[in-house]
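# would you be able to build a 3D model of this:
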Amino acid sequence: MTAKHTSAGDAPRARALLRRALRAGAAVLAAAVLLAPAAPAAADTPSPSPSASPTGTVALTLSPAQDGLFRPGESLAASIVLSNTTGAAVDGGVATLSIGSAPFTSRTELSRWLSGTADATTPAVLGATDLGTTAGGQTESASLVIDPTTSAIATLAAGVYPVRVTLGSYDARSVITVPDATTASVALVVPISAGPQSTAVIPADRLATLTATGGLLDAELTAVAGTAAVLAVDPAVVASIRVLGSSAPASARAWLQRLMTLPNERFALQYGDADVATQLEAGLSRPLAPTSLAAYLDPKNFGSTSPSPTTTGGPTPTPSASGSTTSTLPTLSELLAIGPSDPSIYWAPSGLSDAQTVSELRSSDAAAVSLVSSVSTTTGANNATVSASGTVDAAPVVVYDGEISSALGLAAATGDANLRGAPLAAASAALFFAAHDTSGSPLAVVVDRTATRSAAGVGAAVAAVTGGSGISLTSLSGLISTSGTPRALATSTIDAARTSAVTSLQSQAASIAQFATVLSSPALLTGPEDAAALQLLGGSWLSDLDGWKAALSDHAAATATTLGSVDITPTSNVNLFASGANLWFAVRNDLPYPVDVTLFATPNDVRLDVDARVEVHAEASSVTRVEVPVRARLGNGDVRIALQLRSASGVAVGTAQTVDVAVRADWENIGLVVISVLVAAFIGLGVIRMVRRRRRLSRPTATTAGDDATDATADPATGDPATTDAAAPADPKDAP
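Numbering: from 1, shown residues only. Coordinates of the predicted model:
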């Protein structure tokens with residue numbers, strides 16, 4: 001026996017991955033206690049003083065190597081991990097590994113052992129190793145390698161054996177499987193998806209990470225390449241790459257090419273891996289589907305098509321390149337295409353499909369085939385093996401093994417290889433029993449979806465099945481038959497919060513659909529809203545409820561922002577002193593698209609006439625001034641004008657507003673009268689002054705006495721003064 005001790009203090013990245021894996025694993029384990037692939041012991045949080053609620057856990061995990069498969073004559077290796085998520089250190093000690101002397105006789109015994117409700121018979125100690133003190137928030141691990149000549153394992157017969165490690169008050173359980181010659185035909189379904197998303201399409205930077213070497217999407221294709229695994233492809237992934245056209249990351253374009261050239265059988269998940277069972281439970285008559293992704297298409301990222309040449313008149317027609325070069329944009333079906341696929345296959349999250357779900361899917365799609373978990377059937381409710389081909393009320397279904405699939409999903413979510421061995425060992429053990437229980441009938445297993453999946457974990461989960469002893473992969477289509485074994489499904493219980501979310505998302509989508517009528521192409525808004533709603537209903541969110549609730553809240557806030565993106569800016573009150581004027585308002589458009597709306601202005605008093613409708617064209621991301629003519633009637637007073645924007649279809653847009661107008665139209669008439677009087681007065685005064693001046697100028701002036709004498713000699717006939725030579729002034733030159 002050899003022992004190797006490793007301090008996790010030297011691996012902070014591994015610890016972070018461990019904590020995420022444990023959280024994801026806890027969500028999967030909560031779905032069904034008996035589905036747990038191992039039973040690590042957990043102790044109450046050490047605390048210097050009593051605490052109302054724990055602040056962490058301490059868990060011991062036992063992970064056999066090689067997916068728990070062991071063949072006599074080989075060494076038996078295992079990892080022992082103590083995980084401490086509390087704030088206090090946990091003392092180390094000696095970790096002791098033991099094995100039961102007798103194999104389990106059934107899957108029921110296996111499940112009871114892993115769940116901690118049964119003990120092993122006459123356990124034998126295999127070895128021990130020291131495990132150091134584990135600081136708060138840290139992990140401590142050690143490995144044990146048991147010599148193949150150790151008596152307890154040297155001559156093990158085929159079967160599944162219990163193994164256990166103890167460390168003080170902590171213990172952890174797992175199993176090892178000694179394979180035999182039994183073979184099994186298994187249809188393995190692997191989801192090709194990006195995990196939970198909250199946006200209509202996956203952002204380019206996220207795609208670059210996912211499709212880069214070692215990224216999740218890259219790991220998924222690497223895991224299935226060269227196998228006969230069935231691919232369950234999320235069309236949101238391929239659409240997110242295609243909408244970017246030539247601007248998509250190079251790794252994403254290469255990944256898409258790899259996917260499309262793989263020969264594997266495949267089917268399309270709902271967009272965003274949306275949960276069909278919850279949609280139907282919420283009252284929808286058929287599952288939702290994306291409606292448009294045109295908002296994400298940029299013509300410059302797609303190939304151009306040159307216009308057809310035209311000819312000009314003349315003796316010799318001359319071709320000319322009239323028109324402009326156009327881009328050929330992909331259609332929605334082209335964006336969503338995943339390659340040759342089986343149509344109408346529906347895979348709701350594990351445990352959510354029941355007979356009603358199957359029936360409603362069949363009603364909306366006559367070719368519908370449902371994938372259901374064995375734990376949802378009355379036969380497999382206690383983790384009993386159920387063959388894959390079946391029917392529910394004459395509708396074909398494929399029943400996948402829920403216990404094995406849950407263990408594979410947990411392994412895929414576990415980034416730390418020292419922890420991943422526990423669920424993989426449980427999956428191998430369950431596969432061993434399933435192969436014996438079906439007596440040659442095909443099985444189906446899936447890699448369950450979880451909120452977090454590691455690239456290494458996905459590859460290991462797929463390899464545990466494809467590399468399993470005696471396992472040969474088969475097609476999914478070969479399991480679909482209307483003559484399959486009739487199965488009864490237990491009634492599923494779907495969280496009311498999820499059905500409520502469907503209702504809320506549908507209500508928001510309806511509001512966006514009405515608001516979108518401000519655009520010439522409403523699909524630019526409705527398409528992203530519909531696609532985002534499907535992403536938020538993705539099955540991967542089930543293991544991250546807190547994150548899901550936060551995403552729903554963010555989406556509701558974003559929807560509210562969109563609905564308020566076109567509005568009338570606040571307007572101050574107006575004083576109207578004229579009988580006619582133009583009132584100015586402003587329409588704000590925060591959308592990246594131009595909008596066409598009508599401004600309705602309605603006064604609450606007849607003393608003011610207002611043009612009731614003004615058409616407004618507002619450019620993208622702009623504020624547009626709007627002129628509304630008004631005319632005042634007789635009388636003064638305060639008038640309130642109600643303002644409301646409406647789309648061409650009459651939908652109210654933005655918030656209704658009011659502006660108060662103080663009408664003082666009589667002041668204009670009074671002013672005109674006053675001005676007229678003043679003008680007339682000034683003119684009258686001017687005339688009087690001019691007349692008086694002229695009279696003054698024409699009146700005779702006072703003279704000397706000689707003048708009076710002259711007046712006396714005036715010509716009686718004419719009245720003019722008499723003129724004589726003596727009266728004429730003498731010329732000085734004529735003087736004597």
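# how is this protein carved up into domains?
Following automatic domain parsing, one finds the domains of the chain at 2-46+55-178, 184-301+331-496, 566-664, 667-696.
# same question for the last one, mean pLDDT?
This means domain 667-696. Taken as a whole, domain 667-696 has an average pLDDT of 72.
# rewinding a little: just the domains of the chain: most buried one?
Counting by mean count of other Cβ atoms under 10 Å, domain 184-301+331-496 has the highest mean neighbour count of these, with a mean of 21. Quick note: C-beta positions are derived from backbone N, CA and C, even for glycine.
# and it, end to end?
39 Å (Cα to Cα, to the nearest Å).
# kindly report the same for stretch 435-448.
Span of stretch 435-448 from end to end, Cα to Cα: 20 Å.
# T122 contacts S98, doesn't it?
No. Contact criterion Cβ atoms under 8 Å: T122 and S98 do not qualify, at 9.9 Å.
# thinking again about what came up before, and the domains of the chain as TSV, adding distance to T517?
Below are the domains of the chain laid out as TSV (distance: least, Cβ to Cβ, whole Å):
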stretch	distance to T517
domain 2-46+55-178	41
domain 184-301+331-496	15
domain 566-664	4
domain 667-696	42
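# the ones you listed: which one's closest to S553?
domain 184-301+331-496 (10.3 Å; Cβ to Cβ).
# average pLDDT across that closest one?
95.
# from the chain's centre, how far out does it sit?
With Cα atoms, centre = their mean, to the nearest Å as the basis, domain 184-301+331-496 stands 20 Å off its chain's centre.
# got it, and stretch 164-181?
42 Å.
# nearest to D554, out of the domains of the chain?
Of the domains of the chain, nearest to D554 by Cβ to Cβ is domain 184-301+331-496, at 6.7 Å.
# confirm L82 sits in a strand?
Yes. Counting by DSSP: H, G, I helix; E, B strand; the rest coil, L82 is part of a strand.
# if I look at it, how far off is S698?
Relative to S698, L82 is positioned 131 Å away (criterion: Cβ to Cβ, to the nearest Å).
# how about A642?
In terms of Cβ to Cβ, A642 sits 70 Å off from S698.
# just L280 next, same as before
Distance, L280 to S698, by Cβ to Cβ: 112 Å.
# next: N636.
From N636 to S698 the distance is 53 Å (Cβ to Cβ).
# so is A427 in a helix, a strand, or just coil?
Applying three-state DSSP: A427 is helix.
# out of everything not next to it in sequence, what's closest to it?
Among residues not flanking A427 along the chain, A407 sits closest, at 4.0 Å (Cβ to Cβ, 6 or more residues apart in numbering).
# which strands and helices sit next to whatever helix or strand that neighbour lives in?
Per DSSP states H and E, A407 falls inside helix 402-412. Using 3 or more Cβ pairs under 8 Å, 6 or more residues apart in numbering; DSSP states H and E, the elements in contact with helix 402-412 are helix 12-31, helix 417-437, strand 443-446, helix 455-466.
# measure how the second one sits relative to helix 402-412, angle-wise.
Relative orientation of helix 417-437 versus helix 402-412 (axes from the mean of the first three to the mean of the last three Cα atoms, to 10 degrees): 160 degrees.
# helix 417-437 relative to helix 455-466, how many degrees between them?
20 degrees.
# could you pull out the helices for the stretch 51-200 of the chain?
107-115, 151-154 (DSSP state H, counting those that start in this stretch).
# now do the longest one against helix 417-437, angle only.
Read that as helix 107-115. 160 degrees.
# next one: helix 107-115 to chain centre, how far?
The answer for helix 107-115 is 40 Å, by Cα atoms, centre = their mean.
# wait, what's in contact with the residue nearest to W541 when sequence neighbours are not counted?
Of all residues beyond its chain neighbours, the one nearest W541 is W548 (4.0 Å), with distances taken as Cβ to Cβ, 6+ apart. The contact partners of W548, by Cβ atoms under 8 Å, 6 or more residues apart in numbering, come to 196, 536, 541-542.
# also T96?
Taking Cβ under 8 Å, 6+ apart, we find T96 in contact with 125, 127-128, 165-167.
# out of those, who's nearest S441?
V165 (36.2 Å).
# next, the spatially closest residue to T213 that is not a sequence neighbour: secondary structure please.
Among residues not flanking T213 along the chain, S251 sits closest, at 7.8 Å (Cβ to Cβ, 6+ apart). Secondary structure, three-state DSSP: S251 is helix.
# contact partners for R689?
Taking Cβ under 8 Å, 6+ apart, one finds nothing in contact with R689.
# so it lies in a strand, does it not?
No. Per three-state DSSP, R689 lies outside any strand segment and is helix.
# distance check, it against R699.
16 Å.
# same deal with A394?
With Cβ to Cβ as the criterion, A394 and R699 are 130 Å apart.
# list just the nearest of the contacts of T96 to G440.
The closest of the contacts of T96, once distances to G440 are taken by Cβ to Cβ, is V165, at 36.5 Å.
# how about the closest one, what does it touch?
60, 62, 78, 80, 95-98, 171-172.
# and if you look at V276?
So V276 contacts 270, 287, 346, 348, 357, 361 (Cβ under 8 Å, 6+ apart).
# what's the answer for P343, then?
So P343 contacts 267, 367 (Cβ under 8 Å, 6+ apart).
# do that again at 7 Å, thanks
A367 (Cβ atoms under 7 Å, 6 or more residues apart in numbering).
# quick one: it from S477, how far?
To S477, P343 is 11 Å away according to Cβ to Cβ.
# list residues touching both of these two?
With Cβ under 7 Å, 6+ apart, P343 and S477 have no common neighbours.
# so what touches stretch 123-130?
1, 3, 5, 92, 94-101, 142, 144, 146, 150, 152, 164.
# strands along the stretch 501-650 of the chain, start to end?
Applying DSSP state E, counting those that start in this stretch to the stretch 501-650 of the chain gives strands spanning 566-568, 574-576, 580-589, 595-603, 608-610, 613-618, 622-632, 637-646.
# can I get the ones you listed in CSV including mean pLDDT?
Conversion of these to CSV gives the following (pLDDT from 0 to 100):
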stretch, mean pLDDT
strand 566-568, 97
strand 574-576, 78
strand 580-589, 91
strand 595-603, 95
strand 608-610, 86
strand 613-618, 96
strand 622-632, 92
strand 637-646, 92
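# between those strands, which gets nearest to I176?
strand 566-568 (65.7 Å).
# do I have it right that the residue nearest to A427 meets A425?
No. With contacts counted by Cβ atoms under 7 Å, A407 stays clear of A425, the gap being 8.7 Å.
# ok, the residue lying closest to A662 once chain neighbours are set aside to A430 distance?
Closest residue to A662 apart from its sequence neighbours, by Cβ to Cβ, 6+ apart: N575 at 4.7 Å. For N575, the distance to A430 equals 83 Å [Cβ to Cβ].
# could you do K549 as well?
33 Å.
# can you check S376 too?
17 Å.
# next: S198.
From S198 across to A430, the span is 34 Å (Cβ to Cβ).
# okay, the residue nearest to I146 when sequence neighbours are not counted: pLDDT?
Among residues not flanking I146 along the chain, L76 sits closest, at 4.1 Å (Cβ to Cβ, 6+ apart). Note for L76: predicted pLDDT of 98.
# and L76, what does it touch?
Per Cβ under 7 Å, 6+ apart, neighbours of L76: 70, 146, 153, 176.
# strands - which of these land there?
Counting by DSSP state E, the part of the contacts of L76 found in strands is 146, 176.
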